[in-house]
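Colleague: any chance you could fold what I've pasted below:
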Amino acid sequence: MKLVVNNSNIYRKGWIYFCGIVFLLCACKSYQFRESGFIVDGDGVYHNPEKYGGIGLFGDFVNYNAREQHGTRFDKLYPGDKKVLKSLGYNKGDIEVLFSGIPNQPPYYHLIGIGAKDSLLDTAASILQYTPMGKYHYRKMDVGKNTVLEAIIPSGKTNYALIYYVPKGESTADFEYLLEQNVRKPNRPHNFLASRTAVECGIDVQKNVDIKIPQNYVNRDIYTLIKVLKKEDYGESLAVYTLNKKDADPQVVFKLCPGKYRVVYSDLKHQEIWSEKIKVQ
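Modeller: Numbering: from 1, shown residues only. Below you'll find the model as predicted:
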């Protein structure tokens, strides 16, 4: 008996299999996050040293806590985010996600920051709004059981969007606060520098503290942070911090109030590289 091989059927099945694999890979592709974004717990401002100025958030926006399932993410969307982005018409290949966050205390709304990979975010579907602070583009829609508010805000030569969503019927008052923090006139200086230096004691008791990172711990290939955390009865709180650029010597002089502190040198994901306890008298 002669075996007959149908090459056309084999080719057809192979092509269908290949197309299926390609489809699955495309379907699994998610929205990309902008690298080098960060916040410092206790500061409540999003920073990215490579693009975008600081974006002011509430102080209860902190880094993601897996146990509590709240906080600000820089590498993964929350469930529900993807549906909101799609409903707003944002394609995966056109935008980059800056962050996705939920505050660590009520009200537990969702906030997503996005920017365009190239050029500017399209504002054709939004309404231009003028305020004493400046201008922005606004739109509102319902997506499933949620109310979604979006503000596209100019920032230098680019723009970004803050996308806020809550279950229908819940308050959106915090969205107005976010606008107050971030909408500004073109000639108004930006308040959100990647540092915090103000302290809460009188100038007469403040002390200059010179902080130098030991050379064997210095990493000049990445952006790093120097944070000074004050010892409190309940743990630690942020006193001051600063961002160190690549190739820079991480040395800084802070004014500090009397007290006990821990100096932390870390990367932007807050992975500790070096730390030291100090006392200011």
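
Colleague: span of stretch 75-86 from start to end?
Modeller: The first residue of stretch 75-86 is 18 Å away from its last residue (C-alpha to C-alpha, to the nearest Å).

Colleague: give me the buried positions along it.
Modeller: 77-78, 80-81, 84-85 (16 or more other C-beta atoms under 10 Å). (C-beta placed from N, C-alpha, C; glycine too.)

Colleague: filter those residues down to the ones in helices?
Modeller: Among the buried residues of stretch 75-86, DSSP state H puts 81, 84-85 in helices.

Colleague: domain map for the protein?
Modeller: Domain segmentation of the chain under automatic domain parsing yields 45-182, 195-280.

Colleague: how far off centre is the first one?
Modeller: Its chain's C-alpha centre lies 10 Å from the corresponding centre of domain 45-182 when counted by C-alpha atoms, centre = their mean, to the nearest Å.

Colleague: the spatially most central residue of the chain: which element?
Modeller: Most central in the chain under C-alpha atoms, centre = their mean is residue 99, positioned 3.6 Å from the mean C-alpha point. According to DSSP states H and E, residue 99 maps onto strand 95-102.

Colleague: need the pLDDT of residue 118.
Modeller: pLDDT for residue 118: 89.

Colleague: give me the beta-bridge partners of the residue nearest to residue 179 when sequence neighbours are not counted?
Modeller: If the residues on either side of it in the chain are set aside, residue 179 comes closest to residue 151, at 5.9 Å by C-beta to C-beta, 6 or more residues apart in numbering. Judged by DSSP bridges, the bridge partners of residue 151 are residue 138, residue 162.

Colleague: need the contact list for residue 151.
Modeller: Applying C-beta atoms under 8 Å, 6 or more residues apart in numbering, we find residue 151 in contact with 136-138, 161-162, 164, 175, 178-179, 182-183.

Colleague: can you put these in CSV and add pLDDT?
Modeller: Listed next are those as CSV, based on pLDDT from 0 to 100:
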residue, pLDDT
136, 97
137, 98
138, 98
161, 98
162, 98
164, 98
175, 96
178, 94
179, 95
182, 93
183, 93
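
Colleague: nearest to residue 30, of these?
Modeller: Distance to residue 30, by C-beta to C-beta, is smallest for residue 161 among the contacts of residue 151, at 17.9 Å.

Colleague: pretty sure the closest one contacts residue 153?
Modeller: Yes. Applying C-beta atoms under 8 Å as the test, residue 161 and residue 153 come out as touching, 7.3 Å apart.

Colleague: who's more crowded, the two?
Modeller: Set residue 161 next to residue 153 and count neighbours by other C-beta atoms under 10 Å: residue 161 wins out with 24 against 21.

Colleague: which ones are touching that one?
Modeller: 112-115, 121, 150-153.

Colleague: could you measure from it over to residue 121?
Modeller: Distance of residue 161 to residue 121, computed by C-beta to C-beta, to the nearest Å: 6 Å.

Colleague: which neighbours do these two have in common?
Modeller: Common contacts of residue 161 and residue 121, defined by C-beta under 8 Å, 6+ apart, comprise 114-115, 152.
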